[in-house]
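Visitor: Pasting the sequence and the predicted model now:
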Amino acid sequence: ALQVLPGVSAMSDFSSGLYVRGGSPDQNLILLDETDVYNPSHFGGIFSTFNTDAIENVELMKGGFPAKYGGRLSSVLDVTNLDGNRKYHQGVARLSLVSASSTLQGPWAKGSYMVSFRRTYIDLLAKLANIDIPDYYFYDGHAKLTWDMSEKDKITTSCYFGQDNLSMDFGMKMSLDWGNETITSQWVHIFNPQLFSRFVLSRSHFDFNFKLLAESDQEFMQGNDIIDYTIKNLFSYMPSDVHNIDFGYELKYLDVNFFVETTTDFDPNQLPDIEVPSIISSVYIQDSWKLNDYWTIQPGIRLAYARATSDYLPDKPTADYFRASPRFSIRRKLNNLSNIYFNYGRYYQFLTSMDAGDSPMGLWFPIDESVEPGSSDHYILGYKTQVAEDFALDIEGFYKTYDNL
């Protein structure tokens with residue numbers, strides 16, 4: 001569904017990557033319950049990355065996104081897991097020729113719950129039918145628990161896991177597996193009718209492993225591993241009817257590993273074995289200011305500091321970057337049904353993929369002192385009107401610059 005939206009393209013009918021207004025898939029910030037998800041794809045792009053039965057809301061921001069988002073150049077895909085039905089228990093089960101899934105949700109004494117699981121079984125059918133095809137399957141799952149501590153406090157804990165496994169034998173035995181795991185805890189607290197906050201503590205893990213075994217028992221192995229620990233605090237303050245101020249901070253620690261191992265005659269000291277820890281911290285503030293009945297402006301800024309250490313560059317072992325990302329939006333109300341708007345934003349990316357596509361073999365690294373952070377400026381001019389109760393028309397023109405790719 002996302003791939004057929006205006007401004008979004010796909011590499012092919014079998015690709016799950018989103019190319020948003022000229023950007024590559026690694027330039028999209030993909031969030032699941034406020035947690036970064038790296039390279040979320042199932043093999044071939046035939047299946048959705050996430051089980052849609054477990055998803056409550058999806059928002060795709062194709063450019064000019066607010067100051068609370070940062071770290072990517074192209075777009076934001078903000079996905080929210082289903083909270084769970086608070087009135088009664090319900091479920092759905094699906095069975096197709098290649099996969100099965102089940103989702104359950106309902107209330108409990110202090111809140112609600114949701115659990116979901118999905119698996120393909122092409123591999124099992126192939127074995128039963130004695131068909132010689134590559135052995136492939138994937139599974140994924142979602143879970144979320146909501147706890148209403150009090151009238152002013154709510155805590156939610158959610159998790160996601162997905163894993164793909166592919167193996168084949170064509171004279172040499174090859175195995176390939178990749179997947180994501182996330183766990184997130186959020187505490188929403190209402191200080192008063194004007195101020196509330198959301199505190200987020202999360203961990204995200206992406207790993208990719210490739211193994212090749214020759215008939216001579218020689219092995220070749222390659223792997224990429226990302227562990228992301230994030231703390232963020234998001235505040236929303238409404239001092240009056242004309243101001244809505246969003247501000248907060250984000251602290252991210254990344255541990256990225258890449259290795260190559262082989263039993264052939266290569267010198268082990270010449271094979272890459274790279275570990276790159278990095279820290280990305282940022283603060284932001286943005287005000288939605290209603291000047292009068294017709295004009296609204298939204299100035300904002302995001303300040304980010306990134307530091308990475310790379311022992312494989314002994315002459316430039318440490319990278320330190322500080323960047324300011326201004327954001328600005330202005331909207332003119334034409335009547336009760338239509339308005340025009342202009343958005344501007346500057347964006348920086350401190351993490352990059354060595355593969356421009358959406359292959360699971362794409363290798364992620366924080367940038368080091370040898371390159372500058374990628375940057376992009378977004379200019380957007382748009383018009384929106386509500387033609388009827390169930391029909392709206394939205395027209396946008398955009399211009400984007402890219403530097404230091």
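Guide: Looks like it came in fine. Numbering: from 1, shown residues only.

Visitor: low pLDDT regions in the chain?
Guide: 12-15, 44-46, 268, 312-316, 355-362 (pLDDT under 70).

Visitor: Kindly list the longest strand within it.
Guide: strand 219-240 (DSSP state E).

Visitor: buried sites along that one?
Guide: Of the residues in strand 219-240, those buried by neighbour count under the rule 16 or more other C-beta atoms under 10 Å are 220, 222-228, 230, 232, 234-235, 237. Using the backbone N, CA and C atoms, a C-beta is placed for each residue, glycine as well.

Visitor: The following helix or strand past it: how far from the chain's middle?
Guide: Using DSSP states H and E, the next helix or strand after strand 219-240 towards the C-terminus is strand 243-262. If you compare the mean C-alpha spot of strand 243-262 with that of the full chain, they lie 11 Å apart, counting by C-alpha atoms, centre = their mean, to the nearest Å.

Visitor: Return the list of helices and strands in contact with strand 243-262.
Guide: With contacts taken as 3 or more C-beta pairs under 8 Å, 6 or more residues apart in numbering; DSSP states H and E, strand 243-262 sits against strand 219-240, strand 273-290, strand 364-366.

Visitor: So for W187, which of those strands sits nearest?
Guide: Closest approach to W187 among these (C-beta to C-beta): strand 219-240, 9.6 Å.

Visitor: which helices and strands sit right next to that closest one?
Guide: With contacts defined as 3+ C-beta pairs under 8 Å, 6+ apart, the secondary structure elements packing on strand 219-240 are strand 35-36, strand 195-213, strand 243-262.

Visitor: contacting residues around the closest residue to Y344 other than its chain neighbours?
Guide: For Y344, the nearest residue in space outside its immediate sequence neighbours is F328; the separation is 4.8 Å by C-beta to C-beta, 6 or more residues apart in numbering. Counting by C-beta atoms under 8 Å, 6 or more residues apart in numbering, F328 makes contact with I297, Q298, P299, G300, N343, Y344, G345.

Visitor: about what we covered before: quick one: closest of the helices and strands packed on strand 243-262 to N336.
Guide: Using C-beta to C-beta as the measure, strand 273-290 is the one of the helices and strands packed on strand 243-262 that comes nearest N336, at 15.3 Å.

Visitor: how far does the closest one sit from the chain's center?
Guide: In terms of C-alpha atoms, centre = their mean, the gap separating the centre of strand 273-290 from the centre of its chain is 14 Å.

Visitor: what does stretch 344-356 give?
Guide: That offset, for stretch 344-356, works out to 13 Å (C-alpha atoms, centre = their mean).

Visitor: Would you indicate which residues of that stretch are buried?
Guide: Of the residues in stretch 344-356, those buried under the neighbour-count criterion (16+ other C-beta under 10 Å) are G345, R346, Y347, Y348, Q349, F350, L351, T352, S353, D355, A356.

Visitor: before we move on, what about stretch 298-317?
Guide: Within stretch 298-317, the residues that qualify as buried are Q298, G300, R302, L303, A304, A306, R307, A308, T309, S310, counting by 16+ other C-beta under 10 Å.

Visitor: In JSON lines, list those residues along with distance to F47 and secondary structure.
Guide: Rendered in JSON lines, the data for these read as follows (distance: C-beta to C-beta, whole Å; DSSP: H, G, I helix; E, B strand; the rest coil):
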{"residue": "Q298", "distance to F47": "37", "secondary structure": "strand"}
{"residue": "G300", "distance to F47": "37", "secondary structure": "strand"}
{"residue": "R302", "distance to F47": "34", "secondary structure": "strand"}
{"residue": "L303", "distance to F47": "39", "secondary structure": "strand"}
{"residue": "A304", "distance to F47": "34", "secondary structure": "strand"}
{"residue": "A306", "distance to F47": "34", "secondary structure": "strand"}
{"residue": "R307", "distance to F47": "38", "secondary structure": "strand"}
{"residue": "A308", "distance to F47": "34", "secondary structure": "strand"}
{"residue": "T309", "distance to F47": "38", "secondary structure": "strand"}
{"residue": "S310", "distance to F47": "36", "secondary structure": "coil"}
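
Visitor: Quick check: the two most widely separated of these?
Guide: When the buried residues of stretch 298-317 are compared pair by pair using C-beta to C-beta, the two farthest from each other are Q298 and S310, 37.7 Å apart.

Visitor: I figured W178 was touching N209, is that so?
Guide: Yes - taking C-beta atoms under 8 Å as the definition, W178 is a contact partner of N209 at 7.2 Å.
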